[in-house]
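**Student:** Show me how the following folds:
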Amino acid sequence: MRTSRRQGLHVCLLIPVFMGLMTGISLCKEDPFRPLGPITSETKELICPGVTHVIRKTSDPVTIHVFIVSLREPSISVRPCMAHNTAAGLETIFSMIKRTRAMGGVGADYWGADGIPMGLTVIEGDIIIAPKYRTAFAVGKDGVPQIGKWTDGWTWQASVTAPDGTSFPITMMNSECRDNRLCLYTDKYGLPTKGNLNMPASRLSQLRRPVMRSDDSYHPYSESPLTELFLDRTLKASQINTDLQGQSIPRGGTVLAGRGEASNWLRDKFRSGGRARIDLNTKPPWQNLAFAVGGGPQILKDGMNYQDPLEPFPLGEDFPVDWKRLNYLNRKARTAIGVNMNKSTLILVIAELNPPDSIGVYPRQMANVLADFGAWDGMEFNSGPGATLVIDRNVINPVPSNIPNDNTPLVSNALLIYKRQ
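**Tutor:** Here you go, the predicted model:
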């Protein structure tokens, strides 16, 4: 990779890029691998037993907030929260904290159409979103935190088996379903099934939470017919529809939806009903996880800086290359999480972008801060305005003025800190 070696700070532009991938980037002509400048001040405050807040300021200038969370403190726990407890939809971090009575938290995964998280999502041992070849943060059922990937492909190893014994791969879960794909939806989806996607805008007004797409409209990726197979709690087929109006998914119910070849397979194999078998597999198994939230890329591995290649999958993490160039090679507000070597401590780092007081950071600089505070492995979460930290219902770091009245951004999910009373 060729990078500039100029050390001086040049003109920086603040660029808004919408959707959950990125907002608020400082484009600067300088070396993205340069270290942060000298520390000009550093304060430390014990928020409560097990949680310490450090504010570090550097000469760049950059303001960085570090939260050190001890997993050995019995009164403290960390777990994710989905917007409105569903896969689809957006909610402010402040609202999530208030609703769940959390002590504080930060935004976690990137989000796409309908506010759906893009990466692996596991909540209370139930998988909600299938993994991509992107880094995720998880805590096992044994309480051990981990940072890694849960697939070696662009999606997972999942399938449905029909009554006649034939199988078809399941590509996505609670996400957009495109041509020739078979997708799985559960009652955690949070929206009616897609059905006939040529729907009037009035359908959107019936939803109880914000729904966003790249162009604020409701339209299909494909015009091919969509077949939906509704399964009851025992995975027995109850009805099969093709291009009919979408329906709510019953509690405990499951829907298999397919287009193209997948649509034909569903109609052929379940014409007479029967019971399906669904196998959802990841590497390593998601069944060992208590929870997981996506994000990425990984920036610290085995105690060393790690640079995801500026290449498409499978040469690097499954992000668009243009997005990688913007994210990896420019200063911005960032959120990152790290785990120490013995898995006993989490390190949350939030870097401000609030010129001229704080000009944002590069991924390498975030990795260095994580390492400074003892992280062994580390990754980024969604950044831009998502790089907002709330503790005890107070917004710790400044945020852009164009976000909701509670001064925290809309996010698809968040990682929250809880204190036992």
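**Student:** For His65, see how far away the residue of the chain most remote from its centre is.
**Tutor:** Distance from the centre of the chain peaks at Ser272, with 39.0 Å (CA atoms, centre = their mean). Distance of Ser272 to His65, computed by CB to CB, to the nearest Å: 60 Å. Glycine gets a C-beta too; all of them are placed from N, C-alpha and C.
**Student:** mind listing what Ser159 touches?
**Tutor:** By CB atoms under 8 Å, 6 or more residues apart in numbering, Ser159 lies in contact with Ser167, Phe168, Pro169, Ile170, Ile278, Asp279.
**Student:** Which ones among these lie within helices?
**Tutor:** With helices taken from DSSP state H, there is no overlap with those.
**Student:** neighbour-wise, which of those residues leads?
**Tutor:** Ile170 (23 neighbours; other CB atoms under 10 Å).
**Student:** Now it: closest residue in space, sequence neighbours ignored.
**Tutor:** Ala158 (4.1 Å; CB to CB, 6 or more residues apart in numbering).
**Student:** Make sure that neighbour is actually in contact with Trp150.
**Tutor:** No: look at Ala158 against Trp150 with CB atoms under 8 Å: they stay out of range, at 11.8 Å.
**Student:** Which residue of those two possesses the greater neighbour count?
**Tutor:** Neighbour tally, Ala158 and Trp150, criterion other CB under 10 Å: the higher count belongs to Trp150, 27 against 20.
**Student:** contacting residues around that one?
**Tutor:** Contacts for Trp150 were tallied using CB under 8 Å, 6+ apart; they are Leu120, Pro131, Ala136, Ala138, Trp156, Thr282, Lys283, Pro284, Trp286, Ala292.
**Student:** The second one touches Asp152, doesn't it?
**Tutor:** No: under the criterion of CB under 8 Å, Pro131 lies out of contact with Asp152, with a separation of 10.1 Å.
**Student:** Of the two, give the one with the bigger neighbour count.
**Tutor:** Between Pro131 and Asp152, counting by other CB under 10 Å, Pro131 is the more crowded of the two (26 against 11).
**Student:** Could you pull up the contacting residues of the more buried one?
**Tutor:** Counting by CB under 8 Å, 6+ apart, Pro131 touches Gly119, Leu120, Lys149, Trp150, Thr151, Thr155, Trp156, Thr282, Trp286, Gly294.
**Student:** so what's the backbone phi/psi at the fifth one?
**Tutor:** In this entry, Thr151 is assigned phi and psi values of phi -160, psi 150 (degrees, to the nearest 10).
**Student:** Neighbours of it, how many?
**Tutor:** 22.
**Student:** pretty sure Ser263 contacts Ser224?
**Tutor:** Yes: between Ser263 and Ser224 a contact is recorded at 7.2 Å, counting by CB under 8 Å.
**Student:** Please identify which of those two sits among more neighbours.
**Tutor:** Neighbour tally, Ser263 and Ser224, criterion other CB under 10 Å: the higher count belongs to Ser263, 24 against 17.
**Student:** Using the three-state scheme, assign that one.
**Tutor:** Here Ser263 is recorded as helix under DSSP: H, G, I helix; E, B strand; the rest coil.
**Student:** Look up the pLDDT of Val69 for me, please.
**Tutor:** pLDDT for Val69: 97.
**Student:** That one and Arg79 touch, don't they?
**Tutor:** No: Val69 is not in contact with Arg79 according to CB under 8 Å; the separation is 11.8 Å.
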